[in-house]
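Participant: Fold the stuff below for me.
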Amino acid sequence: MKLRRHGIAPLASRNSARLALATDLPASVLADFTGTSISNSTRWTGYAKRDWLDYIASRVDP
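Facilitator: You can find the predicted model right below:
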C-alpha cells in the first residue's frame, strides 16, 4: 500500500525485474533465485525469448 501511495506499481516493477533476470539466467537458476516453480520460470524465460541451448551444450561438452 505504501508504494502505491507514492505512485509505484509493485507488480509492474516485480515483473520487469523478473523479465530482466530471465534474459540473463536459465530457468532453473531463475526458479531457485526467485523462489518460484520451474514451470513459472520457464514461462518467464519464454517471455524473454532467450535460447539457452548454447549454454547447455557448453556445460555438457568437456
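Participant: and the longest helix for the protein?
Facilitator: helix 10-24 (DSSP state H).
Participant: What are the buried residues along it?
Facilitator: Burial within helix 10-24, assessed by neighbour count using 16 or more other Cβ atoms under 10 Å, is assigned to R18, L21, A22. C-beta here means a position set from N, CA and C on the backbone, and glycine is covered the same way.
Participant: Against which helices or strands is that helix packed?
Facilitator: helix 27-34, helix 38-48 (3 or more Cβ pairs under 8 Å, 6 or more residues apart in numbering; DSSP states H and E).
Participant: Next, the buried residues of the shortest one.
Facilitator: For helix 27-34, a neighbour-count test (16+ other Cβ under 10 Å) marks A27, L30, A31, T34 as buried.
Participant: Quick check, the first one in contact with T45.
Facilitator: Read that as A27. Yes. The pair A27 / T45 is scored as a contact, 4.7 Å apart, by Cβ atoms under 8 Å.
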